[in-house]
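Novice: Below is the sequence, then the predicted model.
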Amino acid sequence: MLAANRFQHDRQIALLIGAGLLVATYLVFSLRAVLDPANPGDLFSLQRFIATSAGAGFFILAVGRAARVPARGWPERLLAVAWVAGAGILALLAFRVGYDLLVDNRTEAVFSRNLRWVLVWLGYFAAAVGGYFAITFVRQAIRREQKAPTFSRAELTAVLIREISEWTPEERRTLAAQLSQIRDYEEADPLVGCLDQRR
(Lines give C-alpha, C1' and ligand atoms only; values in the text may rest on other atoms or scores of the structure.)
Protein backbone atom coordinates (compact mmCIF):
# COMPACT_ATOMS: atom_id res chain seq x y z
CA MET A 1 0.00 0.00 0.00
CA LEU A 2 2.77 2.42 0.88
CA ALA A 3 4.63 1.69 -2.35
CA ALA A 4 1.49 2.34 -4.35
CA ASN A 5 1.07 5.73 -2.68
CA ARG A 6 4.71 6.75 -3.01
CA PHE A 7 5.27 9.53 -5.50
CA GLN A 8 8.68 10.47 -6.84
CA HIS A 9 9.04 14.06 -7.98
CA ASP A 10 10.67 14.40 -11.40
CA ARG A 11 12.16 17.88 -11.41
CA GLN A 12 13.37 17.68 -15.02
CA ILE A 13 9.87 16.96 -16.31
CA ALA A 14 8.45 19.69 -14.07
CA LEU A 15 10.88 22.24 -15.50
CA LEU A 16 10.16 21.18 -19.09
CA ILE A 17 6.40 21.37 -18.63
CA GLY A 18 6.76 24.65 -16.73
CA ALA A 19 8.72 26.12 -19.64
CA GLY A 20 6.10 24.80 -22.05
CA LEU A 21 3.35 26.36 -19.93
CA LEU A 22 5.15 29.72 -19.99
CA VAL A 23 5.60 29.70 -23.78
CA ALA A 24 2.11 28.38 -24.53
CA THR A 25 0.26 30.80 -22.27
CA TYR A 26 2.30 33.79 -23.43
CA LEU A 27 1.67 33.00 -27.10
CA VAL A 28 -2.04 32.31 -26.62
CA PHE A 29 -2.64 35.45 -24.58
CA SER A 30 -0.57 37.50 -27.03
CA LEU A 31 -2.52 36.25 -30.04
CA ARG A 32 -5.78 36.86 -28.23
CA ALA A 33 -4.73 40.43 -27.49
CA VAL A 34 -3.60 41.10 -31.06
CA LEU A 35 -6.78 39.60 -32.55
CA ASP A 36 -9.15 41.49 -30.25
CA PRO A 37 -11.37 43.43 -32.71
CA ALA A 38 -12.57 45.96 -30.14
CA ASN A 39 -9.28 46.88 -28.53
CA PRO A 40 -6.23 45.26 -30.20
CA GLY A 41 -3.26 44.84 -27.91
CA ASP A 42 0.47 44.41 -28.41
CA LEU A 43 2.21 41.17 -29.25
CA PHE A 44 4.92 41.91 -26.69
CA SER A 45 3.88 42.92 -23.18
CA LEU A 46 5.97 43.12 -20.00
CA GLN A 47 2.86 42.61 -17.87
CA ARG A 48 1.94 39.47 -19.80
CA PHE A 49 5.48 38.09 -19.62
CA ILE A 50 5.74 38.61 -15.85
CA ALA A 51 2.31 37.10 -15.26
CA THR A 52 2.89 34.01 -17.40
CA SER A 53 6.36 33.50 -15.89
CA ALA A 54 4.85 33.67 -12.42
CA GLY A 55 2.16 31.22 -13.52
CA ALA A 56 4.84 28.74 -14.64
CA GLY A 57 6.57 29.24 -11.30
CA PHE A 58 3.35 28.44 -9.45
CA PHE A 59 3.06 25.23 -11.47
CA ILE A 60 6.59 24.11 -10.53
CA LEU A 61 5.90 25.02 -6.89
CA ALA A 62 2.60 23.09 -6.91
CA VAL A 63 3.93 19.78 -8.24
CA GLY A 64 7.01 20.02 -6.01
CA ARG A 65 4.86 20.64 -2.95
CA ALA A 66 2.57 17.74 -3.85
CA ALA A 67 5.57 15.41 -3.93
CA ARG A 68 6.66 16.48 -0.43
CA VAL A 69 3.29 15.82 1.21
CA PRO A 70 3.61 12.63 3.31
CA ALA A 71 0.19 11.30 2.36
CA ARG A 72 -1.23 7.76 2.32
CA GLY A 73 -3.42 8.73 -0.63
CA TRP A 74 -3.91 11.44 -3.21
CA PRO A 75 -6.48 13.75 -1.55
CA GLU A 76 -3.78 15.49 0.52
CA ARG A 77 -1.54 15.96 -2.51
CA LEU A 78 -4.36 17.35 -4.62
CA LEU A 79 -5.25 19.68 -1.75
CA ALA A 80 -1.65 20.94 -1.73
CA VAL A 81 -1.90 21.67 -5.47
CA ALA A 82 -5.24 23.41 -4.90
CA TRP A 83 -3.71 25.66 -2.22
CA VAL A 84 -0.90 26.71 -4.54
CA ALA A 85 -3.38 27.28 -7.38
CA GLY A 86 -5.56 29.43 -5.11
CA ALA A 87 -2.58 31.48 -4.00
CA GLY A 88 -1.51 31.79 -7.64
CA ILE A 89 -4.92 33.10 -8.70
CA LEU A 90 -4.92 35.77 -5.99
CA ALA A 91 -1.30 36.77 -6.66
CA LEU A 92 -1.73 37.00 -10.44
CA LEU A 93 -5.00 38.89 -10.13
CA ALA A 94 -3.50 41.37 -7.67
CA PHE A 95 -0.45 41.87 -9.88
CA ARG A 96 -2.41 42.44 -13.07
CA VAL A 97 -4.92 44.80 -11.44
CA GLY A 98 -2.11 46.74 -9.79
CA TYR A 99 -0.14 46.91 -13.03
CA ASP A 100 -3.16 48.24 -14.93
CA LEU A 101 -3.92 50.86 -12.29
CA LEU A 102 -0.42 52.00 -11.40
CA VAL A 103 1.61 51.49 -14.59
CA ASP A 104 -0.81 51.57 -17.52
CA ASN A 105 -3.34 53.92 -15.87
CA ARG A 106 -6.21 51.72 -17.03
CA THR A 107 -9.34 51.81 -14.89
CA GLU A 108 -12.11 50.51 -17.18
CA ALA A 109 -13.36 47.04 -16.14
CA VAL A 110 -9.93 46.38 -14.73
CA PHE A 111 -11.05 43.72 -12.23
CA SER A 112 -13.39 41.71 -14.46
CA ARG A 113 -10.99 41.77 -17.41
CA ASN A 114 -8.09 40.48 -15.35
CA LEU A 115 -10.26 37.95 -13.56
CA ARG A 116 -11.19 36.44 -16.93
CA TRP A 117 -7.49 36.31 -17.80
CA VAL A 118 -6.65 34.50 -14.57
CA LEU A 119 -9.48 31.98 -15.00
CA VAL A 120 -8.24 31.12 -18.49
CA TRP A 121 -4.73 30.73 -17.07
CA LEU A 122 -6.15 28.38 -14.43
CA GLY A 123 -7.33 26.05 -17.19
CA TYR A 124 -3.81 25.89 -18.65
CA PHE A 125 -2.41 25.38 -15.15
CA ALA A 126 -4.74 22.43 -14.50
CA ALA A 127 -3.83 20.88 -17.87
CA ALA A 128 -0.12 21.21 -17.07
CA VAL A 129 -0.55 19.61 -13.64
CA GLY A 130 -2.54 16.73 -15.12
CA GLY A 131 0.02 16.22 -17.87
CA TYR A 132 2.88 16.25 -15.37
CA PHE A 133 1.33 13.57 -13.17
CA ALA A 134 0.38 11.43 -16.18
CA ILE A 135 3.90 11.53 -17.65
CA THR A 136 5.50 10.92 -14.26
CA PHE A 137 3.29 7.91 -13.51
CA VAL A 138 4.04 6.36 -16.90
CA ARG A 139 7.79 6.87 -16.44
CA GLN A 140 7.70 5.35 -12.94
CA ALA A 141 5.68 2.37 -14.20
CA ILE A 142 8.20 1.76 -16.99
CA ARG A 143 11.09 1.97 -14.53
CA ARG A 144 9.41 -0.49 -12.15
CA GLU A 145 8.71 -2.88 -15.00
CA GLN A 146 12.32 -2.72 -16.18
CA LYS A 147 13.66 -3.30 -12.68
CA ALA A 148 11.22 -6.08 -11.82
CA PRO A 149 13.03 -9.43 -11.63
CA THR A 150 11.67 -12.29 -13.72
CA PHE A 151 11.38 -15.76 -12.20
CA SER A 152 10.52 -19.07 -13.72
CA ARG A 153 7.56 -21.08 -12.44
CA ALA A 154 9.93 -23.55 -10.75
CA GLU A 155 11.79 -20.73 -8.95
CA LEU A 156 8.55 -19.15 -7.74
CA THR A 157 7.30 -22.54 -6.52
CA ALA A 158 10.54 -23.18 -4.64
CA VAL A 159 10.39 -19.76 -2.95
CA LEU A 160 6.76 -20.31 -2.00
CA ILE A 161 7.45 -23.76 -0.55
CA ARG A 162 10.39 -22.41 1.50
CA GLU A 163 8.16 -19.66 2.84
CA ILE A 164 5.31 -22.04 3.67
CA SER A 165 7.70 -24.45 5.41
CA GLU A 166 8.22 -21.79 8.09
CA TRP A 167 4.50 -21.38 8.72
CA THR A 168 2.69 -22.99 11.61
CA PRO A 169 0.59 -26.10 10.88
CA GLU A 170 -2.56 -24.06 11.38
CA GLU A 171 -1.46 -21.48 8.81
CA ARG A 172 -0.66 -24.23 6.30
CA ARG A 173 -4.03 -25.89 6.86
CA THR A 174 -5.76 -22.54 6.31
CA LEU A 175 -3.92 -22.00 3.04
CA ALA A 176 -4.64 -25.53 1.83
CA ALA A 177 -8.32 -25.07 2.64
CA GLN A 178 -8.45 -21.82 0.70
CA LEU A 179 -6.71 -23.36 -2.31
CA SER A 180 -9.00 -26.39 -2.28
CA GLN A 181 -12.00 -24.09 -2.68
CA ILE A 182 -10.77 -23.15 -6.17
CA ARG A 183 -12.41 -25.52 -8.65
CA ASP A 184 -10.02 -27.84 -10.49
CA TYR A 185 -7.03 -26.13 -8.86
CA GLU A 186 -5.63 -29.43 -7.59
CA GLU A 187 -5.50 -30.81 -11.12
CA ALA A 188 -4.00 -27.61 -12.53
CA ASP A 189 -1.28 -27.07 -9.95
CA PRO A 190 0.60 -29.82 -8.05
CA LEU A 191 1.38 -27.41 -5.22
CA VAL A 192 -1.84 -28.34 -3.44
CA GLY A 193 -0.76 -31.96 -3.46
CA CYS A 194 2.52 -30.97 -1.80
CA LEU A 195 0.61 -29.10 0.87
CA ASP A 196 -1.71 -32.05 1.47
CA GLN A 197 1.29 -34.34 1.95
CA ARG A 198 2.76 -31.95 4.53
CA ARG A 199 -0.44 -32.14 6.55
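Specialist: Cool, got the structure. Residues are numbered from 1 along each chain as shown.
Novice: which secondary structure elements does whichever strand or helix holds residue 27 contact?
Specialist: Using DSSP states H and E, residue 27 maps to helix 11-34. Helices and strands touching helix 11-34, by 3 or more CB pairs under 8 Å, 6 or more residues apart in numbering; DSSP states H and E, are helix 46-68, helix 110-147. The way it works is simple: take the backbone N, C-alpha and C, and place the C-beta from them, glycine included.
Novice: now stretch 43-54: mean pLDDT?
Specialist: Across stretch 43-54, pLDDT averages out at 93.
Novice: how is this protein carved up into domains?
Specialist: Domain assignment for the chain by automatic domain parsing gives 2-147, 153-198.
Novice: Quick one: the ones you listed as a markdown table, columns for mean neighbour count too.
Specialist: Below are the domains of the chain laid out as a markdown table (neighbours: other CB atoms under 10 Å):
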| stretch | mean neighbour count |
| --- | --- |
| domain 2-147 | 15 |
| domain 153-198 | 12 |
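Novice: Mean pLDDT lowest where, among those?
Specialist: domain 153-198 (a mean of 70).
Novice: Just confirm residue 129 contacts residue 61, I think it does.
Specialist: No - applying CB atoms under 8 Å as the test, residue 129 and residue 61 come out as separate, 11.2 Å apart.
Novice: Setting aside sequence neighbours, what's the nearest residue to residue 68?
Specialist: Of all residues not flanking residue 68 in the chain, residue 9 sits nearest, at 7.6 Å (CB to CB, 6 or more residues apart in numbering).
Novice: Where does the one you found sit: helix, strand or coil?
Specialist: Three-state assignment for residue 9 (DSSP: H, G, I helix; E, B strand; the rest coil): coil.
Novice: residues touching it, list them.
Specialist: 63, 64, 67, 68, 136 (CB atoms under 8 Å, 6 or more residues apart in numbering).
Novice: and it, how far is that from residue 130?
Specialist: Applying CB to CB, to the nearest Å, the value for residue 9 to residue 130 is 16 Å.
Novice: Residue 18 now?
Specialist: 14 Å.
Novice: And for residue 47?
Specialist: Counting by CB to CB, the gap from residue 47 to residue 130 is 27 Å.
Novice: residue contacts, the residue most central in space within the chain?
Specialist: Centroid-nearest residue in the chain, with CA atoms, centre = their mean: residue 133, separated by 2.5 Å. Residue 133 makes contact with residue 63 under the criterion CB under 8 Å, 6+ apart.
Novice: One more pass at 10 Å, please.
Specialist: By CB atoms under 10 Å, 6 or more residues apart in numbering, residue 133 lies in contact with 7, 13, 63, 66, 74, 77, 78, 81.
Novice: Would you confirm that the fourth one contacts residue 78?
Specialist: Yes - when contacts are counted by CB atoms under 10 Å, residue 66 is listed as touching residue 78 (7.5 Å).
Novice: Common neighbours of those two, please.
Specialist: With CB under 10 Å, 6+ apart as the test, residue 66 and residue 78 both reach 129, 133.
Novice: one step back: now render the helices and strands packed on helix 11-34 as CSV, adding distance to residue 166.
Specialist: Listed next are the helices and strands packed on helix 11-34 as CSV, based on distance: least, CB to CB, whole Å:
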stretch, distance to residue 166
helix 46-68, 38
helix 110-147, 27
